[in-house]
Every structure is written in structure tokens, then in C-alpha cells.
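Participant: Sequence first, predicted coordinates after that:
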Amino acid sequence: MIEVEHLCKIYGSTPAIQDVTFTVEPGEIVGFLGPNGAGKTTTMRILAGYLPATSGTARIAGYDVHSDSMAVRQRIGYLPEVPPLYPEMTVEGFLYFVTRIKGVAAGDRVASVNSAIKRCNLEEKRKVAIRKLSKGFRQRVGIAQAIVHDPPVIILDEPTVGLDPRQIIEIRKLIESLAGSHTIILSTHILPEVSMTCSRVTIINRGKIVATNTPENLEASLAEGSGYEVEVEGDAATALARLRAVPGVRLVESMPMEHLPSSRALYRITSETGAEPGREIAAALVSAGLGLCEMRRTRATLEDVFLELTTSEKMTTSEEQTHPQPRPVQQEREIGREALEQGEK
Ligand SMILES: Nc1ncnc2c1ncn2[C@@H]1O[C@H](COP(=O)(O)OP(=O)(O)OP(=O)(O)O)[C@@H](O)[C@H]1O
């Protein structure tokens, strides 16, 4: 339904996106995930026909977004980062106006407006001026204007940005309710957004696609981070030696834990790919006379995958080449995490 091939956009001399290629199948919700400045909005605007690409092609329902832009606009609903609302109009007045612009037949307009109002849960606000609405309700009106002509494809650019947690849940539910009967691509820098609502995720970093898969497969693809955490009572040197000797264990790290009594320590164990040495770990500790106070599995999360994919490129920047001392992995990850948290503000 959406086919993007080798898309590039250069602003002046700044490449915003480079060689972006992906597809979205009918009925899918695909998350377009990336940190700030990764090129999400640029890609969404090109798909919606609001920005010409420098090179490459994008087709929606078989129509080229550039050369067949009118045909594309009839088949898409687009929620830009800042929804194009007319503050003085009432919700229903504005949506009626949009049906006229979108070419809905005169006899179908009232039914289209009523349907969008119902789907977006706007009944109680239908006669209220848009300027009087909260940010969450305005965002619903933004989505209502994107779906009012019942387009097969919906493009949502950061649909929950600036909303409070309750509003975010409501908007996510609304997006999920549109799946199946619509093909949806939504851009976001918020990880839970994609794990909760999307069947597939495409990760973009610095203008380039770095991964496309289901959230589950992406998590499974990251072998590092899969393992165990164990809290052990007894001699630390013995515990470390025993744990490191267990077949299938690749790495054992001692984790500083201030709240633990001095006789106890926490270890993070990374297993070899495909290995499940849980029982052997427990047996090795117990047979050495050590106390196994707590043990739990750790698995890579989508956040780990995201940080892995969007921080590793830092090592190839000119800054890194000038100062080539390797930074610890944890620090690399913290930098990525910081970028994520800043993005969420
Ligand atoms: N009109 C413009 N002129 C010049 N550079 C631009 C323009 N718009 C975007 N850029 C640059 O292109 C890159 C991609 O920007 P884009 O807005 O697509 O990213 P984004 O992933 O949507 O980021 P955010 O989450 O912060 O909105 C950034 O480096 C940005 O500074």
C-alpha cells in the first residue's frame, strides 16, 4: 500500500534523509521510530505530498506522491506535527469544511462528519469552538480531519506529542481502532508507542533506515542483554569464579548495589546466543555453598535495540575519529537514553 524506494531529501547542503526504502502492507500499522532530527517529519511530509523529494520514489496505493499528488491526497489522511485547525470554527463545522475540500459527495458529508466524530469520541464537543478545546481534544480533531473522508491510508506525525498520559492512552486506543480497515504509518520518538500500537517498526537514524521488523523480532535479534540477574550471598570471588565457569555463560558483571548488605552481591550474566544456562547457574552457586537469594531472566527490550541501533553510529563520526578512545558501552547507551528522554519532554 505504501512503497518507498531510495528516497533522499537534501535541504541546501544538509541531507535530511538518505536512501530510505520501506513498504507498508494493507491493514498494517507501522511505526516510524527515530530520535529527534532523524528525518521522520521529512519522510511523512514527502509521503503526504507536501514536500518534494530530492531523489527516489514514493507510491501510495500505486500512485506516485509527486506526479499523481491529487490522486494520493484523496487516498490519504494526514496529521502533521501541528494539526491545521481553524480555531474559530466548531468541531463539526470544521470537519464539514474538510469533507468539502476532500471532495466527499454532498449527500455523504453529514454522515462522514458524524462517523468521524463518533470514532474520535468527540460527541460532547461537536458544537464547541476549536479554540476552546484542550490539547488532547484538538489532537482528536486533528485525527478526525485525517479520517473524515475515510481514506485507505493514514499518515500520523507524532500523534501523541504534548499530550498528558491519559490523553496519550486515549489517542493510542483510537489509532488501534483504525487498524485493519486502514493502513497506518505513524512517526514517533516514543518507544512504548510502537510496542503498544504497531505491528511493525522501521527505525530511522540520521536520515538512514537502520532496521525494519516486528517489535518482537527486533528484541529477539539482540542477543546481548539476554541473560540473568542473580543476587548471591557469600564470598564474592567464589561466586564470580563459579558463575564464569558455567557453560553457556559469556559474561559476568558485578553490579554495585548500595542497598544490599555487604555479604550479598548482584551479578548480571550475559549468556551465549541460544544458551539457557539458568539451571546450571543455580546449581553452580548452591553446590559452592553460596546463597541464591534471587534470580531472574533479563531480555533485550525494544529500548535496548533502539539504543544499540541509534548510538553505534556515533563511533564513526568525525568527532570520534579525531578522539578515537572507545567509550564504555554503558556511557554510549546513556547518551542515547538521554536523547530519548529529552525527546519525550
Ligand atoms: N526546512 C529545513 N531546512 C533545513 N534543514 C531542515 C529543514 N527541515 C528539517 N531539516 C533538518 O533535516 C533533519 C531531519 O529533520 P526532521 O524534522 O525530518 O526530523 P525528525 O525526525 O522529524 O525530528 P523531530 O522529532 O525533532 O521532529 C534535521 O537535521 C533537521 O535539522
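Facilitator: Thanks, I have the structure now.
Participant: Can you report how many residues neighbour the residue in the stretch 101-250 of the chain that the ligand sits nearest to?
Facilitator: Residue nearest to the ligand within the stretch 101-250 of the chain: residue 189 (5.2 Å; CB to the nearest ligand atom). Every residue, glycine included, has its C-beta placed from N, CA and C. For residue 189, the count of nearby residues is 22 (other CB atoms under 10 Å).
Participant: Kindly report the same for residue 255.
Facilitator: Using other CB under 10 Å, residue 255 is surrounded by 12 other residues.
Participant: again with the one 3 residues further on
Facilitator: Residue 258 has 4 neighbouring residues, counting by other CB under 10 Å.
Participant: Residue 307 too?
Facilitator: 24.
Participant: And the pLDDT at it?
Facilitator: Among the per-residue scores, residue 307 shows a pLDDT of 77.
Participant: before we move on, which element is it in?
Facilitator: helix 302-311 (DSSP states H and E).
Participant: Kindly spell out which helices and strands sit in contact with that helix.
Facilitator: Here helix 302-311 touches helix 191-197, strand 200-205, strand 208-213, helix 215-221, helix 329-344, going by 3 or more CB pairs under 8 Å, 6 or more residues apart in numbering; DSSP states H and E.
Participant: thought the residue of the stretch 101-250 of the chain closest to the ligand was touching residue 34?
Facilitator: Yes: counting by CB atoms under 8 Å, residue 189 does reach residue 34; the two are 6.4 Å apart.
Participant: Between those two, which contacts overlap?
Facilitator: Residues touching both residue 189 and residue 34 (CB atoms under 8 Å, 6 or more residues apart in numbering) are residue 40.
Participant: coming back round to it: could you figure out how far the helix holding residue 307 is turned away from strand 200-205?
Facilitator: Per axes from the mean of the first three to the mean of the last three CA atoms, to 10 degrees, the angle that helix 302-311 makes with strand 200-205 is 30 degrees.
Participant: got the angle between helix 302-311 and strand 208-213?
Facilitator: Using the same axes, to 10 degrees: helix 302-311 against strand 208-213 is 150 degrees.
Participant: touching the ligand at all, helix 302-311?
Facilitator: No: counting by CB under 6 Å from any ligand atom, no contacts exist between helix 302-311 and the ligand, the nearest distance being 11.2 Å.
Participant: Please identify the residues of the protein in proximity to the ligand?
Facilitator: 11, 14, 16, 34, 36, 37, 38, 39, 40, 41, 42, 189.
Participant: Show me which of those are buried.
Facilitator: The neighbour-count test (16 or more other CB atoms under 10 Å) applied to the residues of the chain next to the ligand identifies 16, 34, 38, 39, 40, 41, 42, 189 as buried.
Participant: Output these in TSV; the columns should cover pLDDT and secondary structure.
Facilitator: Formatted as TSV, the entries for these read as follows, by pLDDT from 0 to 100; DSSP: H, G, I helix; E, B strand; the rest coil:
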residue	pLDDT	secondary structure
16	94	strand
34	88	coil
38	90	coil
39	94	coil
40	93	helix
41	94	helix
42	95	helix
189	83	coil
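Participant: could you dump the residues you listed to CSV with distance to residue 252?
Facilitator: Output for those, formatted as CSV (distance: CB to CB, whole Å):
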residue, distance to residue 252
16, 43
34, 34
38, 35
39, 40
40, 39
41, 44
42, 44
189, 34
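Participant: Would you point out the most distant pair within those?
Facilitator: When those are compared pair by pair using CB to CB, the two farthest from each other are 16 and 189, 15.5 Å apart.
Participant: Isn't residue 96 up against residue 111?
Facilitator: No: under the contact definition of CB under 8 Å, residue 96 does not touch residue 111, with a separation of 11.2 Å.
Participant: among the helices and strands of the chain, which has the poorest mean pLDDT?
Facilitator: The helix or strand with the lowest mean pLDDT-type score in the chain, counting by mean pLDDT, DSSP states H and E, is helix 318-322 (a mean of 33).
Participant: any idea how far the residue located most distally from the centre of the chain lies from residue 178?
Facilitator: Each residue of the chain has a distance to the centre, and by CA atoms, centre = their mean the biggest one is for residue 289: 45.8 Å. Using CB to CB, to the nearest Å, residue 289 is found at 59 Å from residue 178.
Participant: What segments of this protein are helices?
Facilitator: Assigned helices in the chain, in chain order: 40-47, 69-75, 91-101, 109-119, 135-147, 165-178, 191-197, 215-221, 236-244, 278-287, 302-311, 318-322, 329-344 (criterion: DSSP state H).
Participant: Any idea how far apart the tips of stretch 150-161 sit?
Facilitator: The straight-line separation of the ends of stretch 150-161 (CA to CA, to the nearest Å) is 24 Å.
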